[in-house]
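Colleague: sharing a model that was predicted from the sequence below.
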Amino acid sequence: MSLHVHSTGPESSICGSRCYNPIESCCCEKEQTKPIRLSPPDQTDAVATVYDPNESICCNGRLSRLKPWMDQCCGDEPYGLAQPGVLCCNNTLHKDREDGEQCSVSGHPYNPAKGTMCGSQFHDSPGKHCCGSQLYNPKDEICCNGQSHPSGINIHCCGAQAYNISDPLKKCCAGALHSLQGDRDDSQCCGSSLKSSKEICCKSEGKELLYGTKKGFQCCGQDYYNTSLWSCCSGRLSPVHPTGKTKSNITESRVLSLVNVNKTRLCEKFHIGVVESVSLSSTVFSSVLEIQGGNVRVKHWPSTFILKTPDYCSYLILTPGKTYFFDEVTIFTGFNHDSVLQSIHFILSKCSQ
């Protein structure tokens, strides 16, 4: 039999199985589950415990006696901002620290006047830049996922490797750098792999999967389906009813990957915008930019852009609030970059060669 606690009147709040007056008391609860450990004599592990804030301080479910100079929490430990020799980094209280120390991005205490902290590695060279756990010189090097490489014109990152985007024998697929055999400008990525002539790549927004080609099969988003058993609309499969007529099958989705567009097409006019609204016949984009890679030009679109999609079933369902590249007919997913700005920079760099 479960116990339900109801509070009325001054005792209007519930703390665990107790009622209390929130004007006079507070409830001390753990923010998240932590391993049980023994407490010092002046501390008490508390789970949903009522306490007097004038006498105690609650730090993540742990009650301690309140002292005038220790009114802050660092994880489950109390401390004071004016307390000498302590530093709170990522909810861990570090003691016996020197004046001038601060927290690194990774949560380690260090003195920036004495060196540079890269991850958990301290280097006794102050004011330097980090690439992973090592120092690097951004004037002469490029940092790719924690690995430094010599920089130069048209040198970009592909995962942890660096390559020249003007090299026709190199292609970056989702952070994997491939060396092409001969002039294969038509080579296409499928996720992090290169697609062969005997394979087909089926794409959804979240996945790109390779399949061996089969007669009577087609793509529906990321799925490769038997057209005699299923029909496809907007990336969704429906069974074919023997006695009924179904929609014609879709050869492939029109949400394509921009990484597979050749340089000539890439340097023509593209738009980029945020999906505002989707209907059966059109998609509305806002915050639209027009990119003309061949002219190395970017300009803003003064109003929303309405892309007509008369064949609704041939387009995957787009996500409102998400950014896409598109032209007058096709919608593209971007390059495998961390931001839209990186993708625009890549297009302009590629087209300015």
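Modeller: Cool, the structure landed. As the structure is a prediction and not an experimental result, all values here were calculated from the model.

Colleague: what segments of this structure are helices?
Modeller: In the chain, the segments counted as helices under DSSP state H are 263-266, 340-351.

Colleague: out of the ones you listed, nearest to residue 58?
Modeller: Of all the helices of the chain, helix 340-351 sits nearest to residue 58, with 43.2 Å by Cβ to Cβ. Any C-beta I mention is one placed from the backbone N, CA and C, and that applies to glycine too.

Colleague: buried ones in that closest one?
Modeller: 340, 343-344, 346-351 (16 or more other Cβ atoms under 10 Å).

Colleague: of the residues you listed, closest to residue 144?
Modeller: residue 346 (13.9 Å).

Colleague: and the closest one, what pLDDT?
Modeller: pLDDT recorded at residue 346 is 89.

Colleague: measure the closest residue to it other than its chain neighbours to residue 165 for me?
Modeller: Nearest residue to residue 346, sequence neighbours excluded (Cβ to Cβ, 6 or more residues apart in numbering): residue 335, at 5.8 Å. Per Cβ to Cβ, to the nearest Å, residue 335 is found 11 Å from residue 165.

Colleague: overlap in contacts of the two?
Modeller: residue 346 (Cβ atoms under 8 Å, 6 or more residues apart in numbering).

Colleague: so for those two, which sits in the more crowded spot?
Modeller: residue 335 (21 against 17; other Cβ atoms under 10 Å).

Colleague: these two touch, right, the more buried one and residue 261?
Modeller: No - using Cβ atoms under 8 Å, residue 335 is not in contact with residue 261; the gap is 9.9 Å.

Colleague: where does the stretch 251-353 of the chain dip in pLDDT?
Modeller: 251-255, 336-338 (pLDDT under 70).

Colleague: show me where it has strands.
Modeller: 255-257, 269-278, 282-292, 297-300, 305-308, 323-326, 331-333 (DSSP state E, counting those that start in this stretch).

Colleague: list the contacts for residue 304?
Modeller: Contacts of residue 304 by Cβ under 8 Å, 6+ apart are 276, 284-286, 288.

Colleague: just among those, which is most surrounded?
Modeller: residue 285 (22 neighbours).

Colleague: who touches that one in this structure?
Modeller: Residue 285 touches 271, 273-276, 304-307, 324, 326, counting by Cβ under 8 Å, 6+ apart.

Colleague: let's see that with 10 Å instead.
Modeller: 271-277, 301, 304-307, 318, 323-324, 326, 331 (Cβ atoms under 10 Å, 6 or more residues apart in numbering).

Colleague: of those residues, just the buried ones, ChimeraX syntax please.
Modeller: Listed next is the ChimeraX selection for buried residues among the contacts of residue 285, using 16+ other Cβ under 10 Å:
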select :271,272,273,274,275,276,305,307,318,323,324,326,331
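
Colleague: what bridges to the nearest residue to residue 256 once chain neighbours are set aside?
Modeller: Leaving aside its sequence neighbours, residue 256 sits nearest to residue 332 (Cβ to Cβ, 6+ apart; 5.3 Å). Counting by DSSP bridges, residue 332 is bridged to residue 256, residue 325.

Colleague: kindly reformat the buried residues of helix 340-351 as a markdown table containing distance to residue 257.
Modeller: Formatted as a markdown table, these follow (distance: Cβ to Cβ, whole Å):
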| residue | distance to residue 257 |
| --- | --- |
| 340 | 15 |
| 343 | 12 |
| 344 | 16 |
| 346 | 13 |
| 347 | 14 |
| 348 | 19 |
| 349 | 18 |
| 350 | 15 |
| 351 | 18 |
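
Colleague: what is the nearest of these to residue 29?
Modeller: Among the buried residues of helix 340-351, and counting by Cβ to Cβ, the member closest to residue 29 is residue 340, at 40.9 Å.

Colleague: which residues touch the closest one?
Modeller: 272, 274, 289, 323-325, 334.

Colleague: how about 6 Å then?
Modeller: Going by Cβ atoms under 6 Å, 6 or more residues apart in numbering, residue 340 touches residue 323.

Colleague: also residue 230?
Modeller: residue 237.

Colleague: report pLDDT for it.
Modeller: So, for residue 230, pLDDT stands at 90.

Colleague: likewise residue 40?
Modeller: 54.

Colleague: ok so, going back, among the buried residues of helix 340-351, which pair sits farthest apart?
Modeller: Farthest apart among those - using Cβ to Cβ - are 340 and 351, which lie 16.7 Å from each other.

Colleague: the closest residue in space to residue 286 that isn't next to it in sequence and residue 282, how far apart?
Modeller: If the residues on either side of it in the chain are set aside, residue 286 comes closest to residue 276, at 4.5 Å by Cβ to Cβ, 6+ apart. As for residue 276, its distance to residue 282 is 11 Å (criterion: Cβ to Cβ).

Colleague: also residue 65?
Modeller: Distance from residue 65 to residue 282, by Cβ to Cβ: 66 Å.

Colleague: for residue 217, same thing?
Modeller: 30 Å.

Colleague: okay, these two: which has more neighbours?
Modeller: residue 217 (18 against 13).

Colleague: ok, back up a step: could you dump the contacts of residue 304 to CSV with distance to residue 109?
Modeller: Below are these laid out as CSV (distance: Cβ to Cβ, whole Å):
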residue, distance to residue 109
276, 46
284, 50
285, 47
286, 45
288, 46
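
Colleague: and of the residues you listed, the nearest to residue 139?
Modeller: For the contacts of residue 304, the nearest to residue 139 is residue 288 (35.9 Å; Cβ to Cβ).

Colleague: my guess is that closest one contacts residue 307. True?
Modeller: No - judged on Cβ atoms under 6 Å, residue 288 makes no contact with residue 307 at a distance of 10.0 Å.
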